[in-house]
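> Fold the following and give me the result.
(chains A and B)
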Amino acid sequence: MSSDDAIPPRPQAPVPPPPPPPAEDAGSQALAEALRSSFFIVKIIMAGLLLVFLGSGFFTVGPHEQAIVLRLGRPVGEGLQALLNPGLHLAFPQPIDQVVRIPITSLQRAESSIGWYQTPEERSILAPPPPAGNSLNPASTSYALTCDSNIIHVMATLQYRITDPISFHFDFVNAPVFITNALNNALIFASSQMRIDDILTRNRAGFRDRVMDRLQKLADAQHLGITLDQLDVNASPPLYLANKFNEVDQAMVKRDNLRNQAQTYATTTIAKARGDAATRTYAADAARKRTVDMTAAQADTFEKLRSQYEQNPPFFERIRQMTLLNDIYNNAQDKITMPPNSKELRLQLSREPQAPSTNSYINSP
Amino acid sequence: MKRNPLILIVAAVLILIFGLLLFVYQVRKSEVAVVTLFGKIDRVKTNPGPGVRLPWPIENVYKLDQRIQNFEGKYEQFKLPDQNIIMLSVYVGYRIEDPRAFFPKFENGSIPAAEKVLEDMVRSAKNEVCGQHPFSDFVSTDERQMKFAQIEGEILSDVQKRVHDLNYGVDIKFIQIKKIGLPDQVTQNVFDRMTSERQYYISKIQSQGEEESTKIKSAADSTAAKLLADADAQAFKIRGEGEAQMMKSLEVLQQNPGLATFNMQMSALEQFLKKNTTLVLDPSSSPLEWLQMSEPGRPMLSAETNAPLTKDPAK
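Just a heads-up that it's a prediction; the model follows:
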């Protein structure tokens, strides 16, 4: 349209040369000059626009995406061949060609939108949790039900990749919404099969697996064109009961402590008993050895002394008695001789605290 | 008069573009175009690409999205046959299957109008299906008893049947439960029950801990006592063996019991008075008697100590 306006000055250009008679005034001459220069500027702009129009056919596909060119609405190429890989490509300008870009290799993220006491938006800004009331208003708070008819809060975050971009983009108006809803459904489904304590503590991995399993089934059945990469699930008891659940956890810790203490006691007691038992057996063994050896020695001595004894028993006995007495007198720690004709003897017991096991022997005829 | 050919080309291009705009329309992949002639459906173009039309107001082109649309029903209460009340919302995946049927039913193929009708259908389907399933069909540990997927399937086939019967030209691809819950008042009862359940667990765990601890300790005590008893028995046996051996060795002593007894007495005395002994002696006892001479060279011997010495050969 504008090129239409730009052309007219050209035929007028040759007109000015034959004016030998400068009949027109200086004003109209200046006007003509101004028009000529503005037409020149318009021409440059036109050429520039034409270049931009032609250049707009070039487009780049980024490293994490693929693209499909729709020519007059129909994809260029059949099936997977229609997908353009990263790089520079050429297409006709709009409205002939239309480039549809689809993120593909980069990880996409989906977050469950039900089941938690906060919305995904509140979670993303780390909003404080709502006040814990003794009932839940279904309009404002979301949760799941467990198989033992308890209330639990659950949430999940999924990382996925688009592996069938054609299906993802051309089969669904808004595929991410379906993925979020599939995640919601999987959470509700898995919760309704498990007990609250299994989800919260005992079998968290089992819960995650069930969510993943259900999600995979839905993604396959609905042909969402995605590959599930990673799933993180989180669960929490109702805020109103958080303290009660903590008390149960504490009781469990206490129980484990008691058990550990008892086991320590058991190990120590049994080890000590083993030691004592060994001591008793060894002592008995030593005693036996001593007895046997002593008796053997006695028997041996007896054998040696018998003939001498039998020659004169009283003399033998007297000699042995005196030998022994001699040893006793020599070894005695204290020797006290009673004064003659004394009727009374006073002895202080424990005179020497350093030698408490003192034997007293009163030899009186 | 000479005309610039460029002007002619430009004019021709402009006329062509204008003509194309008037007579040609585009159908994108995943779209379908309904062409009406004076307001009545004339033809439907389902495959993507350009199509020819007569200019407005003779023909009009409406484009419908044939991709799967997401529709979410309201979160509503339903009464179950076991008198429980459950709150349920579902999401629906549907697509326009037959534009000829769909287009006239919902004022020029309006999606919001279609979804309004769909919502009513989904609600009554939910109502009907929920009326046949007790609460245990929604939540259960027993997978055979749990009919979560079956309930979804029943709602789906119910809605599919209604849509088909009324020929809405819509294909319901799937219906899944999105949200499940209980009415406000019921949650309060559930909380009360959960509280008492927790209390029960706390006391159960506490007594369990004490029980286990006592069991472990008593078992250890019993094992220890058994070990010691075994050791004592063993020790007793060892000592017995020792005594038996001793008695065997002592058989020789029977040859002269007098000497044997004397020897034993002597060694007992020796052991008894070996260490730390304090002796308190009467000066008249042997051999101190020698310190008190009644006559030179002869000690004053007591009757007892004297008596055995009468046999003394040294005398």
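> domain ranges for chain A?
Taking automatic domain parsing as the domain assignment, the record places the domains of chain A at A:2-55, A:58-103, A:108-128+A:137-237, A:246-319.
> I'd like the ones you listed written out as a markdown table, with distance to chain B added.
(Glycine included, C-beta is placed from N, CA and C.) Formatted as a markdown table, these follow (distance: least, C-beta to the nearest C-beta, whole Å):
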| stretch | distance to chain B |
| --- | --- |
| domain A:2-55 | 5 |
| domain A:58-103 | 4 |
| domain A:108-128+A:137-237 | 4 |
| domain A:246-319 | 3 |
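> most packed of these?
domain A:108-128+A:137-237 (a mean of 19; mean count of other C-beta atoms under 10 Å in any protein chain shown).
> First-to-last residue distance for that domain?
Across its full length, domain A:108-128+A:137-237 reaches 29 Å between end residues, using C-alpha to C-alpha, to the nearest Å.
> which one of the domains of chain A lies closest to residue B:126?
Taking C-beta to C-beta as the criterion, domain A:108-128+A:137-237 is the member of the domains of chain A that comes nearest to residue B:126, at 14.7 Å.
> Check the secondary structure at residue A:322 for me.
On the three-state scheme (DSSP: H, G, I helix; E, B strand; the rest coil), residue A:322 is labelled helix.
> got it, and residue B:259?
Applying three-state DSSP to residue B:259 yields a three-state assignment of helix.
> Can you give me every residue that contacts the residue nearest to it when sequence neighbours are not counted?
Distances taken as C-beta to C-beta, 6 or more residues apart in numbering or on different chains place residue A:309 nearest to residue B:259, at 4.5 Å, with adjacent residues excluded. The neighbourhood of residue A:309, defined by C-beta atoms under 8 Å, 6 or more residues apart in numbering or on different chains, consists of A:316, B:256, B:258-259, B:262.
> contacting residues for residue A:137?
residue B:184.
> Tell me where the stretch 151-300 of chain B is predicted with low confidence.
Residues of the stretch 151-300 of chain B that meet the criterion pLDDT under 70 lie in B:292-300.
> just the helices in it please.
Along the stretch 151-300 of chain B, the segments classed as helices by DSSP state H, counting those that start in this stretch run B:184-250, B:257-272.
> Quick one: the strands in chain B, in order.
With DSSP state E, the ranges of strands along chain B come out as B:24-27, B:31-37, B:40-45, B:49-52, B:59-65, B:69-72, B:76-79, B:85-96, B:170-181, B:277-281, B:293-295, B:298-299.
> right, so these: which one is the most enclosed?
The most buried stretch of the strands of chain B, if neighbours are counted by mean count of other C-beta under 10 Å, is strand B:170-181, with a mean of 23.
> Tell me which strands that one pairs with, and in which orientation.
Each strand that pairs with strand B:170-181, with its direction, by DSSP bridges: strand B:85-96 (antiparallel).
> If you average the pLDDT over the strand it pairs with, what comes out?
Taken as a whole, strand B:85-96 has a mean pLDDT of 92.
> okay, that strand in PDB with CA atoms only?
Extracted in PDB, the C-alpha atoms of strand B:85-96 (Å, rounded to 0.1, in the frame of the first residue of the first chain):
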ATOM      1  CA  ILE B  85     -21.300 -38.100  53.000                       C
ATOM      2  CA  ILE B  86     -18.400 -37.600  50.700                       C
ATOM      3  CA  MET B  87     -17.100 -34.600  48.800                       C
ATOM      4  CA  LEU B  88     -15.900 -35.200  45.300                       C
ATOM      5  CA  SER B  89     -14.600 -33.300  42.300                       C
ATOM      6  CA  VAL B  90     -13.500 -34.800  39.000                       C
ATOM      7  CA  TYR B  91     -11.700 -33.600  35.900                       C
ATOM      8  CA  VAL B  92     -12.800 -34.500  32.500                       C
ATOM      9  CA  GLY B  93     -10.800 -34.800  29.300                       C
ATOM     10  CA  TYR B  94     -13.100 -34.400  26.200                       C
ATOM     11  CA  ARG B  95     -12.800 -33.400  22.600                       C
ATOM     12  CA  ILE B  96     -15.100 -32.300  19.900                       C
END
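> which SS class is residue A:113?
When classified by three-state DSSP, residue A:113 comes out as coil.
> I'd say it and residue A:120 touch.
Yes: between residue A:113 and residue A:120 there is a contact at 5.7 Å, judged by C-beta atoms under 8 Å.
> quick revisit: can you pick the most crowded of the contacts of residue A:309?
Each of the contacts of residue A:309 was scored for neighbours by other C-beta atoms under 10 Å in any protein chain shown, and residue B:259 scores highest at 20 neighbours.
> which residues does that one contact?
For residue B:259, the contacting residues are A:302, A:305-306, A:309-310, A:313, A:316, B:253, taking C-beta under 8 Å, 6+ apart as the criterion.
> and the residue nearest to residue A:291 when sequence neighbours are not counted, how many neighbours?
Counting by C-beta to C-beta, 6+ apart, residue A:291 lies nearest to residue B:242, which is 4.6 Å off, once chain neighbours are set aside. The burial metric for residue B:242, expressed as a neighbour count using other C-beta under 10 Å, is 21.
> Next: the one 3 residues further on.
Counted by other C-beta under 10 Å, the residues lying close to residue B:245 total 17.
> How about the contacts made by the closest residue to it other than its chain neighbours?
On the basis of C-beta to C-beta, 6+ apart, the spatially nearest residue to residue B:245 that is not a chain neighbour turns out to be residue A:292, at 4.7 Å. Contacts for residue A:292 (C-beta under 8 Å, 6+ apart) come out as B:242, B:245-246, B:249.
> Now residue A:292: which helix or strand?
Residue A:292 is part of helix A:242-311, with elements assigned from DSSP states H and E.
> returning to that earlier point: please determine how far the residue nearest to residue B:245 is located from residue A:284.
12 Å (C-beta to C-beta, to the nearest Å).
> Mind listing the shared neighbours of the two?
The contact lists of residue A:292 and residue A:284 share residue B:242, where a contact means C-beta under 8 Å, 6+ apart.
> show me what contacts residue 79?
This is for chain A. residue A:166.
> The intended chain is chain B.
If a contact means C-beta under 8 Å, 6+ apart, then residue B:79 has B:85, B:130-131 as its contacts.
> Kindly recompute the last result at 7 Å.
Applying C-beta atoms under 7 Å, 6 or more residues apart in numbering or on different chains, we find residue B:79 in contact with residue B:85.
> That one and chain A, how far apart?
Remark: distance between residue B:79 and chain A (C-beta to the nearest C-beta, to the nearest Å) = 15 Å.
> and the residue nearest to residue B:154 when sequence neighbours are not counted, how many neighbours does it have?
Once its chain neighbours are removed from consideration, residue B:154 has its nearest residue in residue B:129; the separation is 4.5 Å (C-beta to C-beta, 6+ apart). Neighbour count for residue B:129, taken as other C-beta under 10 Å: 22.
> wait, isn't residue B:129 in contact with residue B:151?
Yes: at 5.9 Å, residue B:129 counts as touching residue B:151 under the criterion of C-beta atoms under 7 Å.
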